[in-house]
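A.B. asks: Turn this into a model:
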Amino acid sequence: MPTVAPIDLDDHCLATAFLGEVPAFALASGQVVRLDHGTQRHELHDGLLAATTTWDNQSLITGGEDGKVMRLGADGTQTVLREPARKWVSAVAAGPQGAVAFTEGRVATVMLADGTQQRSFEEARTIEGLAFAPKGMRLAMARYNGVSLAFVNGNAPAVDFEWKGAHNQVMFHPDGRFLVTAMQENALHGWKLDGKPGSEQRHMRMTGYPAKVKSLSWSNRGKWLASSGAPSAIVWPFSGKDGPMGKAPKELGQRADTMVTCVACHPVEDLVAIGFGDGMVLAVRIADSKEALLRRPGKGPITAMTWNKPGRLLAFGSQAGDCGVVDIAG
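C.D. replies: A predicted model of the protein is given here:
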């Protein structure tokens, strides 16, 4: 049976992470809590807005209402990447070779690992989401009416992927073949990226959600894309060359009385952790929909979940601050 080690942090948990093997919980107040031989608290921001883990899983990158961009290492080392500024940092992304990107309003800035080279990109409307491509130094910027895809090095103009509406999250398929956004309306949108240069863009519309999609997660090889925004986890097939076009999604962990608020695919197995509006967490196998209860309902909706690299531990956090770590091996 899975065992749960709870921790009550009394604040909205925006993000969870494993920094090395150390669980970390990023809170809306600007504090990040590490469970490393006791509870270690780090006051990083005056109001936290965004957090992401670096590609090597050794650091957490955060942005906040104070305009700062911070790095918190697995050993608790705090580094200021960008000093306080007037504009909020509303999105952050970690990239290859230690690169970091952050947004403030209509401008996205890329910092390389040594902090010396910066490149800024300006859009006509506010940039809501950021993602680095899995290969090559390319940055996707989600905005109103689509996504801009820019090369960080060189002066080539950004490539625009247009679709009407507000796009507030963006992510690449793990092998770089697709680009997917979550929209302000209750939908996802995607584009194929492996078409010939100059050919017509191929779109993927993923609609029918009763609520806005706030959580997305790729399965370990990108075969599936799990999403929140419905009474079950909506899991789209991406194994074919055309992704989910013309295919129906799977619906996993359906419950009649509450919505799925967070999803996190296992790093090794084809299964997904599903967090609900009442605080319950289920693990569901994608192939046959077999369910295992990981956590009973709690105080508030699950807002963040992360597996550790081997996939034995799951860190979770809720809107009410009741957080914890599940050991699925008991």
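A.B. asks: if I pick the closest residue to residue 224 other than its chain neighbours, what's in contact with it?
C.D. replies: In this structure, residue 224 finds its nearest non-sequential neighbour in residue 235, 5.1 Å apart by C-beta to C-beta, 6 or more residues apart in numbering. No exception for glycine: its C-beta is placed from N, CA and C like everyone else's. When contacts are counted by C-beta atoms under 8 Å, 6 or more residues apart in numbering, residue 235 is found next to 224-227, 249-252, 272, 286.
A.B. asks: What about the residues you listed, which are in strands?
C.D. replies: Per DSSP state E, strands hold the following members of those: 224-227, 250-252, 272.
A.B. asks: could these be laid out in a markdown table, adding pLDDT and neighbour count?
C.D. replies: Output for these, formatted as a markdown table (pLDDT from 0 to 100; neighbours: other C-beta atoms under 10 Å):
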| residue | pLDDT | neighbour count |
| --- | --- | --- |
| 224 | 97 | 22 |
| 225 | 98 | 26 |
| 226 | 98 | 27 |
| 227 | 98 | 23 |
| 250 | 96 | 18 |
| 251 | 97 | 14 |
| 252 | 98 | 24 |
| 272 | 98 | 26 |
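A.B. asks: Would you reformat the residues you listed as JSON lines and include distance to residue 241?
C.D. replies: Formatted as JSON lines, these follow (distance: C-beta to C-beta, whole Å):
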{"residue": "224", "distance to residue 241": "16"}
{"residue": "225", "distance to residue 241": "15"}
{"residue": "226", "distance to residue 241": "21"}
{"residue": "227", "distance to residue 241": "21"}
{"residue": "250", "distance to residue 241": "19"}
{"residue": "251", "distance to residue 241": "24"}
{"residue": "252", "distance to residue 241": "24"}
{"residue": "272", "distance to residue 241": "23"}
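A.B. asks: to the chain's geometric centre, what's the distance from the helix or strand the residue nearest to residue 224 falls within?
C.D. replies: Per DSSP states H and E, residue 235 falls inside strand 233-237. Centre-to-centre, strand 233-237 and its host chain are 16 Å apart (C-alpha atoms, centre = their mean, to the nearest Å).
A.B. asks: what do you get for stretch 289-303?
C.D. replies: The answer for stretch 289-303 is 19 Å, by C-alpha atoms, centre = their mean.
A.B. asks: Just the residues contacting it, thanks.
C.D. replies: So stretch 289-303 is in contact with 2, 4, 12-14, 250, 252-253, 261-262, 273, 275-285, 314, 316-322, 324, 326, 328, going by C-beta under 8 Å, 6+ apart.
A.B. asks: can you give me the helices for this protein?
C.D. replies: Shown for the chain, no helices are assigned by DSSP state H.
A.B. asks: Low-confidence regions, it specifically.
C.D. replies: Residues of the chain that meet the criterion pLDDT under 70 lie in 116-117, 195-199, 330.
A.B. asks: Kindly recompute the last result at 90.
C.D. replies: Applying pLDDT under 90 to the chain flags residues 1, 10, 112-119, 135-136, 153-158, 194-203, 239-243, 245-246, 256, 329-330.
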